[in-house]
Structures are given as C-alpha cells and as structure tokens.
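Q: Build me a model:
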Amino acid sequence: MAIVVRKGVFTGLFILLLFTTFAAYYPGADGPYLLDDLPVLQNNPAFSPEALARYGVGPAAYSFLQGFNRPLSMLSFALNYQWAGSIDAYSIKLTNILLHLLMAGLLYSLGRRLYASLIVHWQGRMPDEVECRGVALLAVALWLLHPLHVSTVLYAVQRMALLSSLFITMGLLLYLEGRQQLLDGRKTGLLWLFAAFGLAGVAAVMSKENGALIVFYALLLEVAIFRFRIAETLPRAVRVMVVAVPVLPSVLLAGMIARYLFLPESFASRDFTAGERLLTESRVLSFYLSELFYPAVGRMGLFWGGELPSRGLLQPISTLFSVVFLVALLLSLWGVWKRRWIPLAFAILWFLCGHVMESTVLPLELVFEHRNYLASYGLALWVAWLLLAARRAPRIFRPFCRGLVLLLPLLLLYLLVLRVGHWSTADSLYHHELQRAPPSARLWESYGLHLERSGREEQASGVYRRAAEKYADDATFTLGQWVLLRRLARPVPHSLTTHATRQLQGHKVTRGNLYNLLRLLYGCGAGDEQQLEQAMISAIQNEHWFAPRWRELGIVALSDYYRRHANEEMAQLWLGRLPEGTPLEAIRKHIDELARLLTIDRCTHADD
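A: Prediction:
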C-alpha cells in the first residue's frame with residue numbers, strides 16, 4: 001500500500017513540474033519570429049490565410065525550401081495557422097511549449113524503463129518502483145528545466161527538432177517493449193521493433209532528417225542493455241533479425257554520413273572543409289558539455305562568431321585541447337564500461353549518438369544549441385542516478401546529495417525564467433546577444449534588419465554605422481546604409497557607393513555582403529543603378545568569396561538584374577561565366593529563399 005501512495009506522490013510531483021515549466025515558458029510565447037522563421041514560416045506564401053483557405057494544408061506541407069521537405073513538421077505549422085486564423089508566432093510557440101511538455105512525459109516513461117533495464121542487466125538486481133520513478137522524475141526535471149533548451153522551444157522553426165525528438169523517443173519506447181517481449185519468448189516483439197522503425201522512425205525522419213538517429217540510439221540500447229540476447233525458445237531467424245534491425249541501418253547511415261569526407265563539392269556554400277568542420281566540432285561539443293554542466297545564461301546564445309571555424313589543430317589552440325579532451329573521453333569509456341559504471345558510459349554514448357549527424361562532417365552550420373535537445377537527456381539520467389544513489393554512499397555525503405536534489409531543479413528553474421525573459425521580445429533578445437562576447441558581424445546585421453522590419457530605420461542606420469566602424473573591411477554595413485537610404489527615399493552619396501565598391505574589391509566577399517547586394521539588386525532603383533552595377537561587378541570579379549557557391553549565386557542575380565532591365569545581351573554574357581553544369585534552377589530557388597529571409601520587397605519593372 002505504501003508503494004501505491006508513493007506512486008501518487010510521484011505523479012503529483014510530475015504534474016506540478018509540468019505546470020511549473022509551462023508557467024516559466026509561457027511569457028516567451030509572445031516572442032518574435034527569428035532568422036529561419038522568416039523564410040520558412042512568416043514569409044512563406046503557402047502559409048498565407050488566402051493560400052490555406054484556397055488550397056488547404058497539402059501544398060504547405062511540401063513548402064520547405066531546402067532539400068528534404070520535412071512534411072510532418074510543415075503540416076503541423078499549417079494546421080497551427082489554420083486553427084489560429086493568423087500567421088502570428090504566438091500559436092506556433094505555444095504549441096512548441098506543449099510539445100516540450102509532451103516530450104517530458106515520454107522521457108519520464110523512457111527513463112523509468114532505461115534505469116530499470118540498466119540496473120537489472122548490469123547489477124543483477126531488480127530496482128523497486130519507487131527507485132525507478134525517483135531517478136526518472138529527477139532526470140526529466142533536470143532536462144525539462146535546463147535553460148539550454150529555450151532556443152529549441154521558443155525558436156519557432158525548431159518545431160522540427162521537437163517533433164523529430166518526440167518520434168525518436170516514441171520509437172525507443174516501442175523498441176524497449178519489443179525487445180523485452182523477445183527476451184520473454186514472444187515473437188510479437190518483432191512487430192514492436194518494426195513499429196519502432198517503420199512508424200515512429202519514419203515519422204521522425206519526415207519531421208527532420210536527424211530523425212534517422214533512432215537507429216544509433218536503438219543500437220546503443222542493444223549494446224548497453226540487451227546484448228542481442230533473446231529467449232532460447234525462439235528460432236534462429238528471429239535472432240538474425242534482432243541483430244540486423246539495429247545494425248544494418250546504423251552501418252548504412254554511418255556510411256552515408258562518412259561519404260561527405262570525400263565530397264568536397266558539398267562544402268561549396270561553406271567557408272570550411274569537411275576536415276575543418278570536424279576540428280571545429282571538437283570545440284563545439286566541448287562547449288556544449290560545458291553549457292550543460294555550467295548553465296550560465298550569459299554563455300548561451302543564438303549567434304556565434306569569434307574564432308570559428310578551426311583552420312588547424314593550433315588555429316586556435318583550443319582546438320588541440322578539445323580534441324585531446326574528446327579522445328580521452330572516448331578512451332575512458334573502456335575503463336568505465338569494464339568497471340561496470342554503465343550509467344556513466346551510457347550517458348556519454350547517448351550524448352555522442354545525438355551528435356553523429358549534425359556535429360560531424362555534414363555541411364551544416366557549425367553551432368546550434370537545439371542539437372542538444374535529445375542528446376542531453378542521457379547526462380541528466382546519469383546525474384539523477386548519481387544523486388539518488390547517495391542512500392548507499394558514505395553517510396557524510398548523503399546530506400549534500402539530498403540538498404542538490406532539491407536545489408538543482410530550483411536553480412535551473414531560476415535560470416530558465418531568466419532566459420525566457422530574454423526571448424520574450426526581439427529587443428531583449430538582441431540586447432542579451434550583444435552583451436555576449438564576442439558579438440559577431442552576423443548578429444549586428446540581423447539586429448539592423450530587425451530594426452528595419454519594425455520601422456526603426458534611424459536606429460538601424462545607427463547600428464550599421466557602429467558596425468561599419470567595428471568591421472572596417474566588411475562591406476555589409478556600408479551596403480546596409482545604402483539600402484536604408486533607398487528605403488527612406490534619400491540621396492545616396494557617391495562617397496558611400498565608392499567606399500562599398502572598394503571594400504568589395506579589396507576584401508573577402510562575405511555572406512552579409514551578398515545579402516545586401518541582393519536587397520539592392522531586387523529593390524527599386526533610386527538613380528544609383530550604375531553605381532550598383534559597378535559594386536556588383538567588383539564583387540563578382542573578386543576571387544575571394546565566403547564560399548564558391550555564393551559567387552555563382554551573385555552571377556545569376558546580376559544576370560537576372562540585367563534581364564529585368566531589358567539587357568538580354570549582358571544577361572547572357574554573365575551567365576556564360578558560370579562553370580559548366582551550374583544548377584541554375586537550384587540557385588534561383590535559393591535566391592527566392594533569401595528573398596523571404598531578408599524580406600525583400602521586389603520591385604516591379606514595366607518590362608517584367
């Protein structure tokens with residue numbers, strides 16, 4: 001009877017945790033759209049009320065611009081907008097918060113099963129229900145309240161990461177159930193395994209490509225808990241399937257990822273190679289771990305600059321330290337495993353499994369906090385196990401561990417409320433980001449664009465002038481002032497256009513340079529067309545670009561500019577400078593995406 005009462009206490013505490021988390025996150029539901037939210041959501045014509053009313057949610061589900069369409073995530077956005085009757089961020093972020101709570105419920109259930117299975121298979125004892133619920137509840141509290149996840153939950157477009165993690169967790173619960181049935185001698189366990197991959201796994205991938213990580217997580221469960229064992233009464237064919245189901249997809253996925261080491265053209269739109277990305281990610285993973293164990297809100301952010309990427313082991317020197325740390329961490333796994341400290345080994349491997357795709361050699365952005373959303377759970381489970389194992393520790397340590405059980409969730413809650421406050425308005429978020437060191441050029445550019453979109457052109461002009469002084473070689477902010485003068489219908493000084501042209505001639509052409517050149521090329525002229533052509537041609541003739549693919553994009557944009565101005569000869573001349581086999585349609589689709597991102601109001605020409 002006592003256990004029944006305690007179960008009710010745990011249920012009550014979990015419900016209280018959910019309500020507390022909702023209350024902490026709710027002020028952030030009024031926060032703004034940011035960065036990728038603009039092209040994917042706010043400026044996506046498929047999500048307009050008119051399009052949804054006329055065509056329904058079908059076309060919207062396939063309106064994601066990059067690569068795989070992520071139809072389940074896009075469908076969820078469309079349904080959000082349809083039910084809310086507007087394209088405001090509020091309904092999207094509120095749903096994200098609720099999904100975060102649902103994810104907590106799944107992890108609570110998963111944690112109970114994981115902990116029980118690890119203890120049974122490695123310590124040879126059956127933990128009681130109170131012990132399992134206690135570890136699972138503390139683990140999910142540490143995970144749920146961690147401020148690092150704010151940039152996943154309140155960044156609207158990261159619904160994709162939320163849904164992918166949600167379906168992976170569902171799949172792992174199905175996998176655990178199926179494997180337990182096979183251990184008990186029931187063939188129906190195979191149906192659960194196929195449901196784990198064929199239903200939950202497919203849904204995870206259709207939400208975001210990293211849903212494929214379910215195969216690595218399942219392989220970890222197999223190695224750490226089941227070790228490919230089944231009941232002796234089951235036929236050999238079942239044993240073969242138990243091995244093949246997690247191993248073959250894992251090998252296939254690992255090969256698909258590793259091939260990018262031999263596809264340098266995949267990095268044509270990046271300013272780093274596959275090798276440089278691997279070196280950089282050693283620093284990034286080390287930083288993620290430090291954020292998880294030292295969750296200072298001032299270190300967390302959305303914009304990253306500084307010394308990224310790494311150009312070698314000593315460029316910067318922190319690369320060498322990070323590589324040594326990660327190699328030592330991997331080597332220590334053998335000793336940890338041999339000593340049967342399985343929860344720690346499991347936590348490390350769980351974290352690494354979560355980063356196999358996005359923190360290795362795929363040609364993606366280098367740093368995003370949302371990549372830790374599911375990957376961090378294993379560490380939370382280990383910390384919870386460590387603290388609650390204090391009842392078997394020497395008496396002197398028990399009061400300290402019990403105090404941490406109470407204080408850690410409260411500390412994380414305080415930090416969570418603090419960070420949600422930063423995300424509650426665009427101004428507070430940018431103010432926080434600018435206080436972090438070092439602010440990147442991309443942050444200043446994004447802040448200026450935010451001020452422009454909110455109708456504060458004079459403030460935006462001040463931001464561009466300050467940034468131009470800070471980044472004297474970067475034409476981004478000179479071009480930004482040019483764009484603003486056009487928008488305000490003011491004369492553009494010849495000295496400003498000349499300075500921009502010289503910057504584009506003499507220094508590396510950055511992504512921000514191209515963004516503002518596109519805003520000028522696709523906007524309406526103000527008697528400065530000749531100066532704009534000179535600036536664009538100077539940029540294209542400069543061999544030093546952020547990445548080769550961006551130069552090709554600039555050539556196509558200039559060609560389209562001439563075509564819109566009825567100069568077909570020049571349009572064809574510039575297209576002729578593209579390398580053979582350049583994917584024109586893909587580049588024009590990319591320009592459309594950038595137009596949404598930058599909120600470019602395209603000028604309508606009489607000759608269009």
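Q: Counting neighbours, show which residues of the helix or strand where residue 54 lies come out buried.
A: Secondary structure assignment for residue 54, by DSSP states H and E: helix 49-55. Neighbour counts over helix 49-55 (16 or more other CB atoms under 10 Å) mark 51-52 as buried. C-beta here means a position set from N, CA and C on the backbone, and glycine is covered the same way.
Q: how distant is that helix from the center of its chain?
A: 29 Å (CA atoms, centre = their mean, to the nearest Å).
Q: Could you list the residues in contact with that helix?
A: 45-46, 59-60, 78, 81-82, 85-87 (CB atoms under 8 Å, 6 or more residues apart in numbering).
Q: Pull out the buried residues from the residues you listed.
A: Using 16+ other CB under 10 Å, the buried ones in the contacts of helix 49-55 are 46, 59-60, 78, 81-82, 87.
Q: before we move on, could you check phi and psi at residue 474?
A: Backbone torsions of residue 474, given as degrees, to the nearest 10, read phi -100, psi 120.
Q: now for the longest helix along the chain, which elements pack on it?
A: Longest helix of the chain, by residue count under DSSP state H: helix 89-123. The helices and strands touching helix 89-123, judged by 3 or more CB pairs under 8 Å, 6 or more residues apart in numbering; DSSP states H and E, are helix 2-25, helix 71-84, helix 129-144, helix 150-153, helix 159-183, helix 342-353, helix 377-388.
Q: Let me have the helix holding residue 54 in PDB, keeping just the CA atoms, if that works.
A: Output in PDB follows, covering the C-alpha atoms of helix 49-55 (Å, rounded to 0.1, in the frame of the first residue of the first chain):
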ATOM      1  CA  PRO A  49      -4.500  32.700 -44.900                       C
ATOM      2  CA  GLU A  50      -5.600  33.100 -48.600                       C
ATOM      3  CA  ALA A  51      -3.500  30.100 -49.700                       C
ATOM      4  CA  LEU A  52      -4.600  27.900 -46.800                       C
ATOM      5  CA  ALA A  53      -8.300  28.800 -47.500                       C
ATOM      6  CA  ARG A  54      -8.000  28.100 -51.200                       C
ATOM      7  CA  TYR A  55      -5.600  25.100 -51.400                       C
END
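Q: Next secondary structure element downstream of it?
A: helix 58-61.
Q: avg pLDDT for that following helix?
A: For helix 58-61, the mean pLDDT works out to 89.
Q: tell me the helices in the stretch 501-608 of the chain, going along the chain?
A: Here the stretch 501-608 of the chain has its helices, by DSSP state H, counting those that start in this stretch, at 511-522, 529-541, 548-564, 568-575, 584-597.
Q: mind giving me CSV with those and columns for mean pLDDT and mean neighbour count?
A: Putting these into CSV (pLDDT from 0 to 100; neighbours: other CB atoms under 10 Å) gives the following:
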stretch, mean pLDDT, mean neighbour count
helix 511-522, 89, 24
helix 529-541, 92, 18
helix 548-564, 89, 21
helix 568-575, 92, 14
helix 584-597, 80, 16
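Q: Surely residue 268 is in contact with residue 551?
A: No: contact between residue 268 and residue 551 fails when scored by CB atoms under 8 Å: they sit 9.6 Å apart.
Q: what's the closest non-adjacent residue to the residue most central in space within the chain?
A: The residue lying closest to the centre of the chain (CA atoms, centre = their mean) is residue 370, at 4.2 Å. Distance criterion CB to CB, 6 or more residues apart in numbering; nearest residue to residue 370, sequence neighbours excluded, is residue 152 at 4.0 Å.
Q: what about that neighbour, neighbour count?
A: Residue 152 has 22 neighbours, counted by other CB atoms under 10 Å.
Q: Run through the residues that contact it.
A: Residue 152 touches 100, 158, 161-162, 369-370, 373, counting by CB under 8 Å, 6+ apart.
Q: now swap in residue 417 and tell me
A: Residue 417 neighbours (CB under 8 Å, 6+ apart): residue 24.
Q: List phi and psi for it.
A: phi -60, psi -40.
Q: Go through the longest helix of the chain and flag the buried ones.
A: Quick answer for helix 89-123 (16+ other CB under 10 Å): 89, 91-97, 99-101, 103-104, 106-119, 122.
Q: go on, stretch 334-353?
A: Neighbour counts over stretch 334-353 (16+ other CB under 10 Å) mark 336-337, 341-353 as buried.
Q: ok, back up a step: save the contacts of helix 49-55 as TSV, and put in distance to residue 272 too.
A: TSV is the format used below for the contacts of helix 49-55 (distance: CB to CB, whole Å):
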residue	distance to residue 272
45	33
46	33
59	36
60	34
78	35
81	36
82	40
85	44
86	40
87	35
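Q: so which of those comes closest to residue 34?
A: residue 87 (14.7 Å; CB to CB).
Q: Tell me if I'm right that that closest one and residue 45 touch.
A: No: counting by CB under 8 Å, residue 87 stays clear of residue 45, with 10.8 Å between them.
Q: ok now do residue 570, which residues does it touch?
A: Per CB under 8 Å, 6+ apart, neighbours of residue 570: 559, 562.
Q: one more time with 10 Å
A: Listed by CB atoms under 10 Å, 6 or more residues apart in numbering, the contact set of residue 570 reads 533, 558-559, 561-563.
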